[in-house]
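# attaching a predicted model along with its sequence, questions to come.
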Amino acid sequence: MNLILFGPPGAGKGTQSALLIERMGMKQISTGDLFRAAIKNQTKLGKEAKGYLDAGKLVPDSVTIGLVEETLGEMGDQAFILDGFPRNVPQAEALTTILNQLHLKVDKTIFLEVPMKMLLGRLTGRRVCKNCGATYHIESKPPKKDSICDVCGGPVVQRPDDKEDVIRTRLEAYETSTRPLKDYYKAKGPYVEVDGVGTSDEVFTRISQALKSR
Ligand code: AP5
Ligand code: MG
Ligand code: ZN
């Protein structure tokens, strides 16, 4: 089963993708993670993307769409979750074309609904492992040892774009570009909205139920 998981910054897309990988064997395609890896490795893509991520702005479609096309082309018949792509209507239209060319389809689009007032706290409190990308939260999911990853022992740090001023720009980009995708996918289907408030396991249970519904 192939999924699109979308929602505002901090809604829990990465957290739920990790659970879907662990419990259902899917593979995650997170454009944000792909950009961060490229920045870390100082590739051409990383150099193009860095200024946009640091500022909390969307990377231009010409760059992002090419990246997804390449990644999906390498997927074979592995079930995938698109996390953070598409993020605007032109990306959604490009995705349809790419999927048709590759004879692939998305079985369900899930919108993770979290009220705006909760997002700032989720994002400012998030910490991530520099090594393996495991995600923590200073209140709801702290690492067992301070600033050390439970999974790999790597350093747990704040994402550079999780500073309050950058978060505001990201939330604006979401409002302007990504929120309109709700109507786009509602019309296109199969589309489902999932309440993203509650524990990660509660949200995962809702997603699992949504995947069973037609
Ligand atoms: P990206 O990495 O996709 O960031 P985002 O969309 O802002 O989403 P986040 O990763 O911040 O949030 P999330 O929903 O994954 O939440 P998480 O599970 O971590 O994109 C970054 C940048 O890359 C963009 O700004 C842009 O520059 C560029 N980019 C990426 N895709 C692009 C595209 N398609 N086009 C153009 N540019 C693109 O959870 C957040 C926190 O909350 C964590 O601390 C977690 O522990 C906690 N949490 C999660 N679930 C719960 C819960 N149920 N209860 C309590 N806490 C919870
Ligand atoms: Mg994420
Ligand atoms: Zn780690």
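Good, I have the coordinates. Ligands and ions are numbered 1, 2, ... in the order given.

# now the strands for the protein?
For the chain, the strands identified by DSSP state E occupy 3-6, 27-30, 80-83, 108-113, 126-129, 135-137, 156-157, 191-195, in order along the chain.

# can you redo those as TSV with distance to ligand 1?
Glycine gets a C-beta too; all of them are placed from N, C-alpha and C. As requested, those are exported to TSV (distance: least, Cβ to the nearest ligand atom, whole Å):
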stretch	distance to ligand 1
strand 3-6	8
strand 27-30	6
strand 80-83	7
strand 108-113	7
strand 126-129	3
strand 135-137	3
strand 156-157	11
strand 191-195	10
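
# so which of the ones you listed gets nearest Y174?
Ranking the strands of the chain by proximity to Y174 (Cβ to Cβ) places strand 3-6 first, at 9.7 Å.

# on that earlier part again, which one of the strands of the chain lies nearest to ligand 3?
Across the strands of the chain, the minimum distance to ligand 3, taken as Cβ to the ion, is reached by strand 126-129, at 3.1 Å.

# so is the closest one next to ligand 2?
No - counting by Cβ under 5 Å from the ion, ligand 2 has no neighbours in strand 126-129; the shortest distance is 9.0 Å.

# stretch 164-174 too?
No - looking at stretch 164-174 against ligand 2 by Cβ under 5 Å from the ion, there are no contacts, and the closest approach is 11.0 Å.

# pLDDT on that stretch, on average?
Throughout stretch 164-174, pLDDT has a mean value of 97.

# ok, stretch 14-32 near ligand 2 or not?
Yes - when contact is scored as Cβ under 5 Å from the ion, part of stretch 14-32 falls within range of ligand 2: G14.

# which of the residues in that stretch are buried?
Counting neighbours by 16 or more other Cβ atoms under 10 Å, one finds that the buried residues in stretch 14-32 are 14-20, 26, 28-32.

# spell out which parts of this protein neighbour ligand 2.
By Cβ under 5 Å from the ion, the part of the chain that sits against ligand 2 consists of 13-14.

# any chance of the strands of the chain in a markdown table, plus distance to K163?
As requested, the strands of the chain are arranged in a markdown table below (distance: least, Cβ to Cβ, whole Å):
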| stretch | distance to K163 |
| --- | --- |
| strand 3-6 | 23 |
| strand 27-30 | 20 |
| strand 80-83 | 22 |
| strand 108-113 | 23 |
| strand 126-129 | 11 |
| strand 135-137 | 16 |
| strand 156-157 | 12 |
| strand 191-195 | 28 |
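
# of the ones you listed, flag the one that's most buried.
Ranked by mean neighbour count, the strands of the chain are led by strand 3-6 with a mean of 24 (mean count of other Cβ atoms under 10 Å).

# got the contact list for stretch 202-214?
Stretch 202-214 is contacted by residues 1, 3, 12, 15-16, 19-20, 23, 108, 110, 112, 190, 192, 194-198 when judged by Cβ atoms under 8 Å, 6 or more residues apart in numbering.

# nothing else from me, thank you.
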